[in-house]
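[1] Provided below are the primary sequence and the corresponding predicted coordinates.
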Amino acid sequence: SAASQPLFQFSLTTEQAHGTSVAGVAVGQRNENAAASGVAYDANIAFRRIGAAGFEVRQGDLSTALKPFTQVEAETIDLYNNSWGLLPGFAAPPDSITSIQDGKNLGSTYVFSAGNNGGNVNFGSFANLMDVISVGAVNRDGTRADYSNYGASLFVVAPTDLRTADLLGAAGYTDGDYTDETAGIGKHPFNGTSAAAPIVTGVAALIKDKKPALTVRDIQHILAQSAQRNLFPADAGWSGQAGNLVRHSPQYGFGLVDADAAVLLASTWQPIRTTSLPLGWQIAPGAIPNNSPTGATSVATVSAATAEGRLADWVQVGLDLAHDDPKDLRIELIHRYTTSTGEARESVSVLADPTSSQALPPATVRNWTKGTSEDWLFSSAHLWGEPFEGEWLVRVADSSTEGEALHQFNAWSLKLNGVTQDPPTRPLISVVA
């Protein structure tokens with residue numbers, strides 16, 4: 001029932017300046033004199049207020065609030081920018097955001113800020129879903145902002161500390177009509193992942209303008225292939241091999257969003273054919289040993305006949321755990337497979353770790369239990385482009401030395417999502433690290 005659903009509070013700044021600056025970054029009118037134009041400055045914009053700081057909302061009501069209210073809205077609005085978060089996390093929506101189809105049967109594209117608490121995006125309500133684009137923040141020098149959330153479901157990053165629209169005069173962030181690129185007396189940049197997200201929303205609008213018939217999964221593939229990695233350290237946990245077209249880092253997602261490259265790729269893009277393979281619940285070994293890096297591991301195998309040559313993009317994992325303090329856990333998704341040239345490979349995607357869990361308020365970390373209203377899916381884009389075929393393992397390791405009787409890994413579920421053929425390749429337009 002609705003009354004039994006958990007209550008969540010909005011974590012956002014509710015003064016009007018925040019929404020004004022978000023809109024300015026995404027679609028602000030071109031103003032060369034002010035050196036402050038939106039990414040998609042010819043796009044139209046609409047606003048929706050769904051809550052306020054400290055405002056309590058039930059899980060089902062929030063999911064309903066995110067959907068188009070009318071058929072006209074569904075047919076008119078292609079993208080939704082969400083520069084806000086929730087406290088606590090784990091507000092698992094009852095259905096996937098993009099199950100709501102618009103009049104063109106393409107679904108809406110939702111962009112979410114990854115969050116500003118330096119924790120794991122996979123613990124963030126909505127931002128961890130495979131149907132959305134989660135955006136982290138990088139500083140002006142290209143380094144990851146230390147507050148920007150990270151993890152296997154982080155999609156791309158974008159700059160922060162921006163000059164953009166502000167409330168007029170001293171009513172907003174600054175004493176002027178625009179935010180500043182640096183802080184000072186009467187000066188303030190627009191920053192945080194709230195500032196980074198509308199950059200990507202603007203780029204997604206440019207992609208849709210170039211080719212309106214694209215779905216959110218098409219847009220995701222375009223952003224993944226066109227993002228730039230050459231600014232970032234080579235040791236940032238990138239997936240795959242040097243020279244691969246697509247690589248993912250828990251720190252930077254697929255890289256820095258690149259509007260020019262994304263629009264160029266969109267101009268020749270052929271829609272992908274999506275597919276999925278749900279493997280259901282797998283029985284796990286039971287006890288999780290204390291203070292053991294090897295932990296408890298369970299494996300599921302996908303044969304070549306079952307895989308049918310399909311390639312993964314998003315992988316989703318559900319867990320049935322019993323643990324008195326889940327923030328002590330490190331949870332890994334491991335994929336072992338053989339390449340077409342006979343090379344054995346192993347990829348590891350970290351879904352949760354003690355460091356990221358500790359960075360969140362304690363109330364956001366709880367047991368994950370199969371078959372209850374508290375179901376939670378971890379999502380990973382880190383294995384993007386790998387074959388369905390092979391061994392898929394989940395490892396749960398416990399760093400604590402107490403409470404052994406309550407440490408149980410009971411079962412896990414796996415759903416492989418991907419494409420039925422290689423997505424189109426882009427022209428080489430930059431050197432990647």
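    Thanks, I have the structure now. Numbering: from 1, shown residues only.

[2] in this protein, which ranges drop under the pLDDT threshold?
    1-15, 32-34, 49-65, 67-72, 74, 86-107, 182-187, 357-375, 403-406, 421-433 (pLDDT under 70).

[3] Identify the single longest strand in it, thanks.
    The single longest strand within the chain, with elements called by DSSP state E, is strand 274-287.

[4] can you list the residues that contact that strand?
    The contact list for strand 274-287 (Cβ atoms under 8 Å, 6 or more residues apart in numbering) reads 217, 296-298, 300, 302, 306-307, 310, 318, 320, 370, 388, 392, 394, 396, 404, 407-420. Placement of C-beta: from N, CA and C, glycine included.

[5] Tell me who's in contact with the closest residue to residue 352 other than its chain neighbours.
    Of all residues not flanking residue 352 in the chain, residue 331 sits nearest, at 4.3 Å (Cβ to Cβ, 6 or more residues apart in numbering). Residue 331 sits next to 319, 350, 351, 352, 353, 378, 394, 395, 396, 397 when contact means Cβ under 8 Å, 6+ apart.

[6] circling back: restricted to helices, list the contacts of strand 274-287.
    217, 306, 307 (DSSP state H).

[7] these two touch, right, the second one and residue 390?
    What that stands for is residue 306. No. Residue 306 lies out of contact with residue 390 (Cβ atoms under 8 Å); the separation is 10.8 Å.

[8] Now do the buried residues in stretch 24-44.
    24, 25, 26, 27, 28, 36, 37, 38, 39, 40, 43 (16 or more other Cβ atoms under 10 Å).

[9] Oops, could you answer that again for stretch 140-158 instead?
    For stretch 140-158, a neighbour-count test (16+ other Cβ under 10 Å) marks 144-145, 147-158 as buried.

[10] Pull the number of nearby residues for the closest residue in space to residue 420 that isn't next to it in sequence.
    Closest residue to residue 420 apart from its sequence neighbours, by Cβ to Cβ, 6+ apart: residue 273 at 4.5 Å. Counted with other Cβ atoms under 10 Å, residues neighbouring residue 273 total 12.

[11] quick revisit: from the contacts of residue 331, list the buried ones, please.
    Using 16+ other Cβ under 10 Å, the buried ones in these are 319, 350, 351, 352, 353, 378, 394, 395, 396, 397.

[12] In strands only, show me those residues.
    Using DSSP E, the buried ones among the contacts of residue 331 in strands are 319, 350, 351, 352, 378, 394, 395, 396, 397.

[13] Spell out for me which residue occupies the centre of this structure.
    The chain has residue 134 as the residue nearest its centroid, 3.1 Å off, counting by Cα atoms, centre = their mean.

[14] how about the strands of the stretch 51-200 of the chain, start to end?
    In the stretch 51-200 of the chain, the strands defined using DSSP state E, counting those that start in this stretch lie at 56-58, 79-82, 85-87, 109-113, 132-138, 156-159.

[15] What of the stretch 301-433 of the chain?
    311-322, 329-338, 344-352, 377-380, 390-398, 408-419.

[16] Put together CSV for those, with distance to residue 168 on each row.
    Output for the strands of the stretch 301-433 of the chain, formatted as CSV (distance: least, Cβ to Cβ, whole Å):
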stretch, distance to residue 168
strand 311-322, 43
strand 329-338, 48
strand 344-352, 45
strand 377-380, 41
strand 390-398, 53
strand 408-419, 46
